[in-house]
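Trainee: got a structure for you, letters missing:
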Ligand SMILES: Cc1cc2nc3c(=O)[nH]c(=O)nc-3n(C[C@H](O)[C@H](O)[C@H](O)COP(=O)(O)OP(=O)(O)OC[C@H]3O[C@@H](n4cnc5c(N)ncnc54)[C@H](O)[C@@H]3O)c2cc1C
């Protein structure tokens, strides 16, 4: 985002509370380059994902970032699920996702012989990327553009005035303040919390933040899977416990959905039984002894377990009346895929 803003002629400073970039959600995800099939047509998630998919492949190729265009199978195990699969295909087509196909059991077995399913949605544009390499590449580009990144710098408070613009109070080894014309609050899991610290912001326009942890289990040793990602049908709050690969070709499964009160990355090993049941619906030959805890990530949600899913919220002065402030809320999946077009969109909102 800093790069896109700098391209518009602004002087940019990145304030990061951690000692390195990407220590939170951006490095605790599935690393899937999503296609855009799931999201409501016309939503930020849908439009940015379809564009982001194309841009991310181009960027990864151009910068030599590890990625694979694996393709993906979303599988149906029952006739009821087959109906849902058809709706998904229609939604994907409305969102301009190209080359979607419903495929038969026979063809599924050609792609992934061990997978049990009645039919599947084959989505060729899905893939995987090494998020750590992506972050490093973006960070390097930012450095090359002489954009200052101030690490170990936590924005504690934001004041707004007609004469001086926006003033940020930053806690660091030596605390400091910065005056800015534009401020982008892209604080991920902390974004709503940070917005509450902006003096004068109307409380009523801020969403409530919720945290939904996802666990990942790794499969040890050899496995029979070829290149395609395998997903069950999505649930309201997640895309389901899916099968994907890391850079070394190791298989991982996840993430599940586990609503939590605060930010806590601890791994709850008792989730294993639920994982085994979920995986066995599409891979009955799983040997549970080969599943090991891997890592967790936390979705920055702005809707709760009993509420309808929300789109990414990009809040500007139209909503909060504070000139130059952009709040980004609820940037959960597919935020990694959307990152490049989202950056362009935000840069175009600044004055
Ligand atoms: C389990 C899981 C799986 C996912 N899988 C995928 C996937 O396969 N594909 C996909 O496209 N997307 C996926 N996502 C979504 C994607 O990871 C996120 O949308 C994206 O990483 C969000 O990036 P961000 O920059 O908004 O947040 P973050 O990466 O969390 O960055 C926010 C930064 O702000 C900093 N910060 C916060 N508060 C302050 C403050 N007060 N002062 C200074 N700095 C501050 C934080 O330290 C942090 O570095 C997944 C997410 C999760 C949780």
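Mentor: Sure thing, it's come through. None of these values were measured; they are calculated from a predicted model.

Trainee: is the helix or strand harbouring residue 194 anywhere near the ligand?
Mentor: Under the criterion of DSSP states H and E, residue 194 resides in helix 191-196. Yes: Helix 191-196 is in contact with the ligand by CB under 6 Å from any ligand atom, via residue 194. The way it works is simple: take the backbone N, C-alpha and C, and place the C-beta from them, glycine included.

Trainee: looking just at contacts, which helices and strands does that helix meet?
Mentor: strand 183-185, strand 325-329 (3 or more CB pairs under 8 Å, 6 or more residues apart in numbering; DSSP states H and E).

Trainee: Run through the residues that contact residue 333.
Mentor: Taking CB atoms under 8 Å, 6 or more residues apart in numbering, we find residue 333 in contact with 29-30, 34, 238-239, 299.

Trainee: Residue in the chain with the shortest distance to the ligand?
Mentor: Going by CB to the nearest ligand atom, the ligand is nearest to residue 335 of the chain, at 1.8 Å.

Trainee: ok, now which ones touch that residue?
Mentor: Listed by CB under 8 Å, 6+ apart, the contact set of residue 335 reads 25, 312, 342.

Trainee: which of those residues has the most neighbours?
Mentor: Within those, residue 342 tops the neighbour count with 23 neighbours, counted by other CB atoms under 10 Å.

Trainee: That one: helix or strand, and which one exactly?
Mentor: Taking DSSP H and E as the definition, one finds residue 342 inside helix 335-347.

Trainee: can you give me the angle that helix makes with strand 325-329?
Mentor: Relative orientation of helix 335-347 versus strand 325-329 (axes from the mean of the first three to the mean of the last three CA atoms, to 10 degrees): 160 degrees.

Trainee: List the buried residues of helix 335-347.
Mentor: Residues 335-347 are the ones in helix 335-347 that count as buried (16 or more other CB atoms under 10 Å).

Trainee: likewise stretch 111-125?
Mentor: Quick answer for stretch 111-125 (16+ other CB under 10 Å): 111-112, 115-117, 119-125.

Trainee: Over to stretch 316-330?
Mentor: For stretch 316-330, by 16+ other CB under 10 Å, it's 316, 320, 322, 324-330.

Trainee: Please apply the same query to stretch 101-110.
Mentor: Per 16+ other CB under 10 Å, stretch 101-110 contains these buried residues: 102-103, 108.

Trainee: now the buried residues of stretch 111-125 in TSV, with secondary structure, pLDDT and distance to the ligand?
Mentor: TSV is the format used below for the buried residues of stretch 111-125 (DSSP: H, G, I helix; E, B strand; the rest coil; pLDDT from 0 to 100; distance: CB to the nearest ligand atom, whole Å):
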residue	secondary structure	pLDDT	distance to the ligand
111	helix	87	20
112	coil	89	19
115	coil	94	20
116	coil	94	24
117	coil	95	21
119	strand	96	24
120	strand	97	19
121	strand	97	17
122	strand	97	18
123	strand	97	13
124	coil	97	17
125	coil	98	13
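
Trainee: after the helix holding residue 194, next one along is what?
Mentor: strand 210-219.

Trainee: Would you mind listing what in the stretch 251-351 of the chain touches the ligand?
Mentor: 255, 297-299, 331-337.

Trainee: Name the residues that touch the helix or strand containing residue 106?
Mentor: If you go by DSSP H and E, residue 106 is part of helix 105-111. Identification of contacts with helix 105-111 by CB under 8 Å, 6+ apart yields 71, 73, 75, 103, 115, 117-120, 122, 226, 228.

Trainee: In CSV: these, plus distance to residue 44.
Mentor: Formatted as CSV, those follow (distance: CB to CB, whole Å):
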residue, distance to residue 44
71, 25
73, 26
75, 28
103, 30
115, 32
117, 31
118, 33
119, 30
120, 28
122, 26
226, 33
228, 28
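
Trainee: quick check, nearest of those residues to residue 244?
Mentor: Checking the contacts of helix 105-111 against residue 244 by CB to CB gives residue 228 as the nearest, at 9.6 Å.

Trainee: Verify the stated contact: residue 59 with residue 67.
Mentor: No: at 9.3 Å, residue 59 does not count as touching residue 67 under the criterion of CB atoms under 8 Å.

Trainee: That's all I had, so thanks and see you.
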